[in-house]
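In: Have a look at this prediction, sequence included:
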Amino acid sequence: MKNFFSVADVTNLKSVVDEALSLKANPFGHEDLGKHKTIGLVFLNPSLRTRLSTQKAAMNLGMQVIVMNMDKDGWALETRDGVIMNGTTVEHIREAAAVMGEYCDILGLRSFPSLKDKEADYTEDLFNKFVKFAAVPVVSLESATRHPLQSLTDLITITEHKKTNKPKVVLAWAPHVKALPQAVPNSFAEWMCKAQEEDLVDFTIAHPAGYELSEEFTEGAKITNKLDEALADADFVYVKNWSSFKEYGEVYPVAENWMMDNEKLKLTNDAKVMHCLPVRRDLELSSEILDGPNSLVIKEAGNRVWAAQVVLKRLLEGLK
Amino acid sequence: MKNFFSVADVTNLKSVVDEALSLKANPFGHEDLGKHKTIGLVFLNPSLRTRLSTQKAAMNLGMQVIVMNMDKDGWALETRDGVIMNGTTVEHIREAAAVMGEYCDILGLRSFPSLKDKEADYTEDLFNKFVKFAAVPVVSLESATRHPLQSLTDLITITEHKKTNKPKVVLAWAPHVKALPQAVPNSFAEWMCKAQEEDLVDFTIAHPAGYELSEEFTEGAKITNKLDEALADADFVYVKNWSSFKEYGEVYPVAENWMMDNEKLKLTNDAKVMHCLPVRRDLELSSEILDGPNSLVIKEAGNRVWAAQVVLKRLLEGLK
Amino acid sequence: MKNFFSVADVTNLKSVVDEALSLKANPFGHEDLGKHKTIGLVFLNPSLRTRLSTQKAAMNLGMQVIVMNMDKDGWALETRDGVIMNGTTVEHIREAAAVMGEYCDILGLRSFPSLKDKEADYTEDLFNKFVKFAAVPVVSLESATRHPLQSLTDLITITEHKKTNKPKVVLAWAPHVKALPQAVPNSFAEWMCKAQEEDLVDFTIAHPAGYELSEEFTEGAKITNKLDEALADADFVYVKNWSSFKEYGEVYPVAENWMMDNEKLKLTNDAKVMHCLPVRRDLELSSEILDGPNSLVIKEAGNRVWAAQVVLKRLLEGLK
C-alpha cells in the first residue's frame, strides 16, 4: 500500500478486514513496527473520531504522532500554480506538503470539499497535490469525495455483527439542516459495491429523487427512491445525509419522512443501524434507535481504531 | 477510585497526600502502570496548569495522552434530551462521551459553569452526563462547582509547608474584575472541612457579606465577614475571588479593601500565601507578597503534577 | 549551553554544525539522553516548521513534548510590572513562565515583535522576562529580533552543499505585501558574520536603501544597495523580505525589481537559493527557481530538525 485514498488501494477486502480484527484482538502485537517513525496528522477541517482513532492506532503501533490544525493556525494554503502570491494565502501547498514530508514518515490529511466548485472537489485537486508534493505515503482522513477509513470501519463492523454470510446492507439518505459533503456515502458505496463483488454483502442505496450519487461510486448497487422497499429484509441500515451531487451542494426539500425510526425498523430483518457520527438526533435518526439495542454507532466509532491501524501497519510495512 | 470528582472520592486524606509526596520523591517508579493506557483530556474551556500538569502526570505513569480542545474545534455539544437537533449543536453528549470512552482508558473533562443557570450548574449536569455516557473513569479537570485536583494540590502543599501539626488555614475572598465561578473555593472548602475532621487543619472562611458559599461545601468551617479576625494567627492564607452564589453569578461592590497585602500579612502568624493561579496582581494579591518569601503560589502550581499523578495512579489500579 | 537565543550561545560554529550533521546521520543515537525529560513548546504566534522540527528533534532524543498555543487559548499575558491587573490580561509572565518551568525541564518560546515599539522589541523584553522567570533553559523558537534555530539550520545547509572551502553567501532582500520582522535577516547576518570570522564563508548583504539592518547584527559584512553587484560569483543566495529598521516596521516602495529569478541567477556562480519559508511565490522568489535544481528550500527546512536536535542535546547535557 503506497497511499490510502479509496477502495482501490485495497486488493482484497476480506483480507484487510480479517487483519483489522486480528489487530483488535491484539492491539500491541506490532509496536516495534512504528518505532522511530512519525506520523503527521494535518487537519484543514475539524475532527473528533478521526483524530482520536488515528492517533490511538499510530500509538498502538509505536509511532510518534504530531498533530497540525492548519485551519486553527490561520495557515491558508495556496493550491493554484502560476499565481503571484500577493494575497492572503501564506504558503503554497508545494512547499507546505514537501516540508511536512521532510519531518514525517507518513502523513494524514483531512480536507473537506468546497461544495461550490464541483470539478475541483471531484478531481480531488487538493488531496492529489498534497500527495504529489509530500513525497511520503499519505492517508486520507476524509477528502472532498471520500472517507475511506470510515468505510473500512463500516465493513469491519458489518463483518463483526452479521448473522448471515451475505447480509443485506442499505445506505439510507436522511434529512439534515446543513449541506453536507457526499464523501461518506460515496465512499461507503464504493466499498460496499466492491464487497458485493467479493460476495460479502448485498447492497442497496435509497434516497429521494435529486440526491443521486455520482455513478462512479455506485456501480453494481441497487438504487431506489423508495425507502420502504429498500428496508425490506435489510440486515444493516446505514443512515446518512448528503447534499445533491447533480445540483452541486444543493439541499432540496423532501416531502416524505426519511428520518430512520422504530416504525421503519419494523420493515427490516431486525436490522442493525449504523451512522458515521456526529448524528443529529431526531432529525437524521431517532433517539429511540440510537439508545436502543439495534444501534451499532458507538461500536462502529470504536472500530475506527482498527481500520486506521491496519492501514498504518500496511503503510509502515511498505516503507521498508 | 472509580471517578475523581469531589473529596468524597477519597476515603483518607492523609493517605492520599502521603502517596502524592512519595510520587514526588520518585516520579517514575510506576511507569509500567500506565503502559498501553491512554488518557483523553477534553477541554471545553481554556487551561494552562491543569493541562500541563495532568499531561505530565500521565506521562510519568507511562500513559499515552490525547488532548482535545472542544471549544476551539467548534464542536458544540448538545446536552439536553428530547431535543430535535436542527440547530447549532453538532453532536449529543451521549455519543461524544461514549465515543471518547471507546478510544481512552481514562478521560479528563474541564467544563466551566454558565454562572447563569444555577440549577444546571449545581446539579453538575454536564459532568454527570459525561460520566454516565463515557463508560470509563472520568477525572474532573474542574467542573461547574468543584476543582478537586486543585484542592488536593493545596492540601499537599499545606502538608509540605506546615510548621505545626494542625495549622490554621484561612480561605480569604479577594476582589476581581470578572464574575468567577465558585468551583475553586467550594472545592477548597470541602477538602479543608474534611481535613479538619481528620484533625489535619483548623479552617476558617472570610468573605464580604453576600458572598456566602453554598452550605454543602462549608460544614464545619468557621465563617466570618471580618477579614482581620480571620487572619489572626493564620498559618496559611488561601486568596481567591468568587462571584455570588445567592444572587447567582453577581459581583457586588465591596467597600472595604479585601486585597491581600503585606499590611494584612502582619496580622497572621507569618502566614504562607496561596492562590490557584492565574492571579490578577495588585487586584487580588499584592505584587510584594507574590514576589516575596511568603508566597507559595509557584510551588503550589508545581504540586499540581503530584495531585494528578496520585489520582491517575489510583484510577489505573482500579482498571485492573 | 544554558539558553539558546543568539549566536553568542555557541562558541565554535564549525563544531556545532559538525555535531548536527552527525545527528542527521544517526538520529536516534542519544535517545536515552532525553528520557524522563519534558520540553514545553510555547507559541505566542503561529508556527509550522519550527513546531514540527523541534517536536521531532525532541522525540528523537527521547523527550516528552508538550505544546502550548497561548495565542489560540486566549491566554493574554501581562509583561509590565507595577500594573494593577484589572484589564484584559489574565496572567502575568512572572507566574506563567515560572509555572511552565515547574512542569518542564526545557522550554521553547516563540514570540513575534510588535513592529511598533522598537525599543521593547529590540531589548527583547518578553523573551528576556520569560528566561528570567522560567528558571529552566529556554530555547528561542524565534523572538522579536532573532531566529537562531533557522540561522543554525542555514549554516548546516550551506556546509552540506558548499563546493568550495569559503563560499560566497549573499543575503538578498526581496519584496513582500506585509510588514515582516527583521528577526530572520538579523539572525542570519549575525551567524554569517561569525562564520566569516571563522573563515567558513564570505558574506554580503544586499538591500534597497532604507532597509538597513541594525548594525549590531552586520559587523564585518559587505553591504550594498546594488543587487547585481552582490550576486556576482555568489555560491548561495539567501532570499528574504524584511520591513525597515530605521523607520521601524515601515514598508517603502521599491522601484527596482528585487524578486530573485532565473535572470538574476545567471549573475551568480550557479548559486544555490535558500529561503526560510513560508515563501510568497513569484513575489519574493520565482516559481522557476523554487521548482528548479538550484533551490535548497525543502532540504533547508528538513535540516531544521538537526539544528533543533543539536541545541536540545547540548541543553540536556547542561542539565546534568
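Out: Noted; the coordinates are in hand. Numbers count the residues shown, from 1 in each chain, chains lettered A, B, ... in the order given.

In: any chance you could map the helices in the stretch 1-150 of chain A?
Out: Secondary structure of the stretch 1-150 of chain A (DSSP state H, counting those that start in this stretch): helices located at A:13-25, A:49-60, A:93-103, A:118-122, A:125-134, A:148-161.

In: Please name whichever of the ones you listed is nearest to C:Val7.
Out: In terms of CB to CB, the element of the helices of the stretch 1-150 of chain A nearest to C:Val7 is helix A:93-103, at 24.5 Å. Where you see a C-beta, it was placed from the backbone N, CA and C, and this is true even at glycine.

In: Just name whatever secondary elements the closest one is in contact with.
Out: strand A:38-43, strand A:77-78, strand A:106-110, helix A:125-134, helix C:49-60, helix C:297-302 (3 or more CB pairs under 8 Å, 6 or more residues apart in numbering or on different chains; DSSP states H and E).

In: Looking at the helices of the stretch 1-150 of chain A, which is nearest to B:Gly87?
Out: So among those, helix A:49-60 is nearest, using CB to CB, at 21.6 Å.

In: any idea of the angle the closest one forms with helix B:93-103?
Out: In terms of direction (axes from the mean of the first three to the mean of the last three CA atoms, to 10 degrees), helix A:49-60 departs from helix B:93-103 by 10 degrees.

In: average pLDDT for helix A:49-60?
Out: Regarding helix A:49-60, the rounded mean pLDDT is 98.

In: Can I get the helices of the stretch 1-150 of chain A in a markdown table including mean neighbour count?
Out: Below are the helices of the stretch 1-150 of chain A laid out as a markdown table (neighbours: other CB atoms under 10 Å in any protein chain shown):
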| stretch | mean neighbour count |
| --- | --- |
| helix A:13-25 | 17 |
| helix A:49-60 | 25 |
| helix A:93-103 | 24 |
| helix A:118-122 | 16 |
| helix A:125-134 | 20 |
| helix A:148-161 | 24 |
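
In: just so I know, which of those lies nearest B:Asp81?
Out: helix A:49-60 (22.1 Å).

In: Look up how far C:Ser15 lies from the residue nearest to A:Lys246 when sequence neighbours are not counted.
Out: In space, and not counting its chain neighbours, A:Lys246 is closest to A:Glu212: 6.2 Å by CB to CB, 6 or more residues apart in numbering or on different chains. Computed with CB to CB, to the nearest Å, the distance linking A:Glu212 and C:Ser15 is 67 Å.

In: Would you mind measuring from A:Asp9 to chain C?
Out: The spacing between A:Asp9 and chain C, counted by CB to the nearest CB, to the nearest Å, is 26 Å.

In: I'd say that residue and A:Val131 touch.
Out: No: using CB atoms under 8 Å, A:Asp9 is not in contact with A:Val131, being 11.5 Å away.

In: Where do the strands of the stretch 151-300 of chain A begin and end?
Out: A:168-173, A:202-206, A:222-224, A:236-240, A:272-274 (DSSP state E, counting those that start in this stretch).

In: Columns mean pLDDT on top of those, output as CSV?
Out: Putting the strands of the stretch 151-300 of chain A into CSV (pLDDT from 0 to 100) gives the following:
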stretch, mean pLDDT
strand A:168-173, 98
strand A:202-206, 98
strand A:222-224, 98
strand A:236-240, 98
strand A:272-274, 98
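
In: Tabulate those strands in CSV, adding columns for distance to C:Lys35 and mean neighbour count.
Out: Output for the strands of the stretch 151-300 of chain A, formatted as CSV (distance: least, CB to CB, whole Å; neighbours: other CB atoms under 10 Å in any protein chain shown):
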stretch, distance to C:Lys35, mean neighbour count
strand A:168-173, 49, 26
strand A:202-206, 52, 23
strand A:222-224, 58, 15
strand A:236-240, 47, 26
strand A:272-274, 44, 26
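
In: Isn't the residue nearest to A:Lys246 up against A:Trp242?
Out: No: counting by CB under 8 Å, A:Glu212 stays clear of A:Trp242, with 10.3 Å between them.

In: that older thread, just give the number of residues close to the residue nearest to A:Lys246.
Out: By the criterion of other CB atoms under 10 Å in any protein chain shown, A:Glu212 has 15 neighbours.

In: hang on, the earlier thing: so which of the helices and strands packed on helix A:93-103 comes closest to chain B?
Out: strand A:38-43 (8.9 Å; CB to the nearest CB).

In: Which residue or residues pair with A:Pro173 through a beta bridge?
Out: I think there's a mix-up here, since residue A:173 is Trp and not Pro. A:Lys240 (DSSP bridges).

In: hang on, it packs against A:Ser243?
Out: No: counting by CB under 8 Å, A:Trp173 stays clear of A:Ser243, with 10.4 Å between them.

In: Can you name the residues that contact A:Ala271?
Out: A:170, A:231, A:234-237, A:265, A:294 (CB atoms under 8 Å, 6 or more residues apart in numbering or on different chains).

In: I meant A:Leu200, not that one.
Out: Contacts of A:Leu200 (CB under 8 Å, 6+ apart): A:13-14, A:155, A:159, A:166.

In: Look at it and report its pLDDT.
Out: pLDDT, A:Leu200: 98.

In: what do you get for A:Lys72?
Out: For A:Lys72, the model assigns a pLDDT of 57.

In: just A:Pro46 next, same as before
Out: For A:Pro46, the predicted pLDDT is 84.

In: right, and it touches B:Trp75 too?
Out: Yes: contact criterion CB under 8 Å: A:Pro46 and B:Trp75 qualify, at 6.4 Å.

In: do stretch A:48-56 and chain B meet at all?
Out: Yes: judged by CB under 8 Å from any CB of the partner chain, stretch A:48-56 and chain B are in contact via A:48-49, A:51-53, A:55-56.

In: if we can go back for a sec, let's have the strands of the stretch 151-300 of chain A in CSV, adding distance to C:Asn303.
Out: Formatted as CSV, the strands of the stretch 151-300 of chain A follow (distance: least, CB to CB, whole Å):
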stretch, distance to C:Asn303
strand A:168-173, 49
strand A:202-206, 51
strand A:222-224, 54
strand A:236-240, 46
strand A:272-274, 47
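
In: Show me chain A divided up by domain.
Out: As recorded under automatic domain parsing, the domains making up chain A are A:7-146+A:304-319, A:150-301.

In: Pipe these into JSON lines and attach distance to C:Leu319 per row.
Out: Below are these laid out as JSON lines (distance: least, CB to CB, whole Å):
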{"stretch": "domain A:7-146+A:304-319", "distance to C:Leu319": "22"}
{"stretch": "domain A:150-301", "distance to C:Leu319": "43"}
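
In: list the contacts for A:Lys272?
Out: Per CB under 8 Å, 6+ apart, neighbours of A:Lys272: A:161, A:235-237, A:294-296.

In: separation between the residue located most distally from the centre of chain A and A:Ala307?
Out: The C-alpha centroid of chain A is most remote from A:Asn86, which lies 35.5 Å away (CA atoms, centre = their mean). Distance of A:Asn86 to A:Ala307, computed by CB to CB: 43 Å.
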